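J.: structure here, sequence nowhere to be found:
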């Protein structure tokens, strides 16, 4: 499914970091019992398993103008027992000429609520093979579900439309009748009749194509056995570029005229495929792998087997693209291509094990991205996604990675992508570090070989990893996958007369708010580093466990390289020692210490001044993730201080903290040639350059006069000559200018946005308009967000623009959001439940009264999202409490500043 850590929730990436504590349930969650290995008979689902599809032959004739679809199907079935009924899934379909083995059936019943069709036969069919044939009429959708029509604007300004599909989780049944549950694997042969001028793409290569007048009928080769949600079809005025990787043809498809923008993605795909063939020990089995750039539609990408669909902004690169765009293209491709094994070749048995798809794809993508781009420091960057998951998981209402899904049709299933993607990925990284990379790979290869072309449960994976490692991985892993939350490890040091240190360790569940009513327990795979030595593995299994830990004058980390999904509370002496020797710690250990101390501040277990002492100890060391963590904490405090008498004093203190590193990096006000991106040497990594721009952007937002003057100077040059400001530098410079803009400057920014040459620039320039602080100009920005200026393929951008306004103008953003909610969610109706019940409270908590928020949202959500809304409102109340605590603490610290 669309890859959450990278793009699926790109709109919410910054919002996700604000997830917090929630209400305590009546009793602590009880870990689920261990799953059994996969069994088709025992796999959850709502369809009976006495009739099983083997082969589908589906032919579709879409009518784009009418948004209708006519189809025929012939499905080979295996009857495992005598029966006179057949049940399958369908949505909004009308059936005709339904026959079994050529004989008319008695009747057809449609349960629209359950999305199940029951065919009653004229007589019982005996066990064995039979053929169900039928004709049907269905709908072409306007949003990314089922077969959908996607309007788009071409570079020349003309408009066109294409068709594409998005079937995960339960929307294949919108395009053709099917057994739309992952356990029902079958082979598919698809035929489509579309305009002859169009390209037609599906999972398999073209078998034959027949042109008849203005139309062409294309039949694709039969697929291997796979789940229905992985079937794909795209048709439109598209062209491709291609290469080969071993026996596999690789193609990038895009709207005609834009296919050359896929050159980098094509090169990436070849590299990634060859690496995965080697790592997984099972070569990609299909004859071709297409990457299809869909203009607009869904956010992110979808791992259809052999035909991955991408939002075009996550696949194509133009001269306007930045290094961030480049990194996004590689990481998303690595994620979706990992799904060709995790999800496609081996598929979870039911949606409660979706983490087997998503966590592993995220883990594999990070591993591959780091392998091929070591200077991107992906392992450090992963920490931000892990922290977002830990904030969600630090609530009593958090759900386990493996969470029961009784009704897959309920909106969002109360699942949290940060848990499924990010926590699962982090736990896998922790397990890999504990087991060792080589044994971990042996287990993965055994799992792939044993379960290929079949389904699996978590237990199948644990068994394979256990056999490879010689350890009881199932017992260890279930603590982390089957129960919510994570531990806080408390470390208390004792020193003997010779200065030898012994630790006493204990654990408790870490919560940002409240107390757990019952004690959860984990086997915690610590990675202990003493001084500068290599980490050693320590498995914490009981409270009071004692561990030798070097000398008492050596710094100590229990989460070396930030590999673990837990927090550590060091006693006062250990924390003081680590703070004193902070400069000597490896980057990963510094990051882990900053993360944990900030979380302890937020939970009320630690004082703010101790965290800020660590931040000050960073000095001018240019580590991107460490500084991003610090800047994120300062942002939280600054937002809390808004509207209070102490705001300006704290902002001045924050500027003083970051000025040394900013000055070292030439981030602002260092004269000609300095600024957001100047001073970048050829040997500098992308992270160093990005940190320079981030520091510059923060100083500008915090009203640093040098940064504001520098941004205005660079903007004036940009207005005269667009080539004067590189794409990577534009966002930071233009954002500062927008924040401090008058009417004339705002109009200049608006002119730049209107003149955007491609969607990459549209998505860069229009959000900048929402940063304006002047109230009158903000009203203009709100009108622009709703205007026809936004091209149709970028309709999903409108919601993000309106929410971005809330940073400076919450009441205006709220009025616009509530008044235009249908329009703002029309581009992706499937995401509307989360937008309302989860994202809206997270965005508007600081500016809109909680009662107003809750009442309006409750009136606009589906019943299945009530629990999610209740959790979100607890987050609102936590944030309000945290705001008061941070303001009081920050004011005391700022008052001590000389």
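T.: Ah, there it is. Model, not experiment: these values are computed from the prediction. Residues are numbered from 1 along each chain as shown.
J.: for residue 724, give me the backbone phi and psi.
T.: Main-chain torsions, residue 724, degrees, to the nearest 10: phi -80, psi -10.
J.: pull the number of nearby residues for it.
T.: Residue 724: 13 surrounding residues under other CB atoms under 10 Å. Yep, even glycine has a C-beta here, placed from its N, CA and C like the rest.
J.: and the gap between it and residue 714?
T.: Distance, residue 724 to residue 714, using CB to CB, to the nearest Å: 7 Å.
J.: how about residue 42: what's its closest non-neighbour residue?
T.: Leaving aside its sequence neighbours, residue 42 sits nearest to residue 36 (CB to CB, 6 or more residues apart in numbering; 6.6 Å).
J.: what about that neighbour, which SS state?
T.: Counting by DSSP: H, G, I helix; E, B strand; the rest coil, the backbone at residue 36 sits in coil.
J.: so who does residue 698 touch?
T.: With contact taken as CB atoms under 8 Å, 6 or more residues apart in numbering, residue 698 is in contact with 631, 634, 635, 654, 658.
J.: next, count neighbours for the first one.
T.: If I follow you right, that is residue 631. Residues near residue 631, counting by other CB under 10 Å: 20.
J.: for the strand or helix carrying residue 241, which strands pair with it and how are they oriented?
T.: Taking DSSP states H and E as the criterion, residue 241 maps to strand 238-245. Strand 238-245 has the following sheet partners, assigned by DSSP bridges: strand 248-255 (antiparallel).
J.: just checking, next helix/strand downstream of the strand it pairs with?
T.: helix 263-280.
J.: and the helices in the stretch 601-750 of the chain?
T.: Using DSSP state H, counting those that start in this stretch, the helices of the stretch 601-750 of the chain run over residues 608-617, 624-641, 647-665, 686-701, 705-720, 727-739, 743-754.
J.: please state the offset of the strand holding residue 241 from the chain centre?
T.: Relative to its chain's centre, strand 238-245 lies at 27 Å (CA atoms, centre = their mean, to the nearest Å).
J.: check stretch 339-351 too.
T.: 18 Å.
J.: again with stretch 730-741
T.: Averaging C-alpha positions (CA atoms, centre = their mean) puts stretch 730-741 27 Å from its chain's average.
J.: try stretch 783-798
T.: The mean C-alpha position of stretch 783-798 is separated from the chain mean by 23 Å, CA atoms, centre = their mean.
J.: would you mind listing the buried residues in that stretch?
T.: Buried positions in stretch 783-798, judged by neighbour count with 16 or more other CB atoms under 10 Å: 784, 785, 786, 790, 791, 792, 793, 794, 795, 796, 797, 798.
J.: then stretch 595-614?
T.: Buried-residue list, stretch 595-614, by 16+ other CB under 10 Å: 595-603, 606, 608, 611-614.
J.: just flag the most distant two among those.
T.: Farthest pair in those (CB to CB) is 603 and 613. Separation: 18.1 Å.
J.: so who does residue 236 touch?
T.: 160, 161, 162, 163, 164, 198, 199, 255.
J.: so what sits opposite it in the bridge?
T.: residue 199.
J.: separation between it and residue 197?
T.: 9 Å.
J.: same check on residue 832?
T.: Residue 832 is 35 Å from residue 197, by CB to CB.
J.: residue 346 too?
T.: As judged by CB to CB, residue 346 and residue 197 stand 39 Å apart.
J.: flag every buried residue along the longest helix along the chain.
T.: If you go by DSSP state H, the chain has its longest helix at helix 866-895. The neighbour-count check on helix 866-895 (16+ other CB under 10 Å) flags 868-869, 871-879, 882-883, 886-887, 889-891, 893-894 as buried.
J.: mind checking how far stretch 823-842 is from the chain centre?
T.: Relative to where its chain is centred, stretch 823-842 has its mean C-alpha point 16 Å off (CA atoms, centre = their mean).
J.: and if you look at stretch 195-208?
T.: On CA atoms, centre = their mean, the centre of stretch 195-208 falls 31 Å from the chain's centre.
J.: residue 842 and residue 848: what is the separation?
T.: 12 Å.
J.: okay, the angle between the longest helix of the chain and helix 647-665?
T.: If you take axes from the mean of the first three to the mean of the last three CA atoms, to 10 degrees, helix 866-895 sits at 80 degrees to helix 647-665.
J.: hang on, the earlier thing: from the contacts of residue 236, which would you call buried?
T.: By neighbour count, with 16+ other CB under 10 Å, these hold 162, 163, 164, 198, 199, 255 as buried.
J.: tell me the contacts of the fifth one?
T.: Going back to what we said before, that points to residue 199. So residue 199 contacts 234, 235, 236, 237, 238, 239, 240, 253 (CB under 8 Å, 6+ apart).
J.: and residue 599, which of the three is it?
T.: Here residue 599 is recorded as helix under three-state DSSP.
J.: now for it: which residues touch it?
T.: Contact partners of residue 599, counting by CB under 8 Å, 6+ apart, are 390, 394, 510, 512, 567.
J.: can you give me the pLDDT of the third one?
T.: Residue 510 carries a pLDDT score of 95 in this model.
J.: and the last one, by the same measure?
T.: Here the pLDDT value assigned to residue 567 is 97.
J.: so where do the strands sit in the stretch 351-500 of the chain?
T.: Counting by DSSP state E, counting those that start in this stretch, the segments of the stretch 351-500 of the chain that form strands are 454-456, 487-495, 500-509.
J.: low-confidence ranges in the stretch 351-500 of the chain?
T.: 410-415 (pLDDT under 70).
J.: now the helices for it?
T.: 355-372, 378-393, 417, 424-435, 437-451, 458-469, 473-481.
J.: and those: which comes nearest residue 290?
T.: Closest among the helices of the stretch 351-500 of the chain, using CB to CB: helix 355-372, at 18.0 Å.
J.: follow-up on the earlier one: need the helices of the stretch 601-750 of the chain in a markdown table (columns: distance to residue 382 and mean pLDDT).
T.: Listed next are the helices of the stretch 601-750 of the chain as a markdown table, based on distance: least, CB to CB, whole Å; pLDDT from 0 to 100:
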| stretch | distance to residue 382 | mean pLDDT |
| --- | --- | --- |
| helix 608-617 | 21 | 94 |
| helix 624-641 | 9 | 95 |
| helix 647-665 | 22 | 92 |
| helix 686-701 | 13 | 93 |
| helix 705-720 | 30 | 96 |
| helix 727-739 | 22 | 96 |
| helix 743-754 | 33 | 96 |
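J.: could you dump the ones you listed to CSV with distance to residue 187?
T.: Shown next, in CSV, are those (distance: least, CB to CB, whole Å):
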stretch, distance to residue 187
helix 608-617, 57
helix 624-641, 46
helix 647-665, 57
helix 686-701, 44
helix 705-720, 56
helix 727-739, 45
helix 743-754, 49
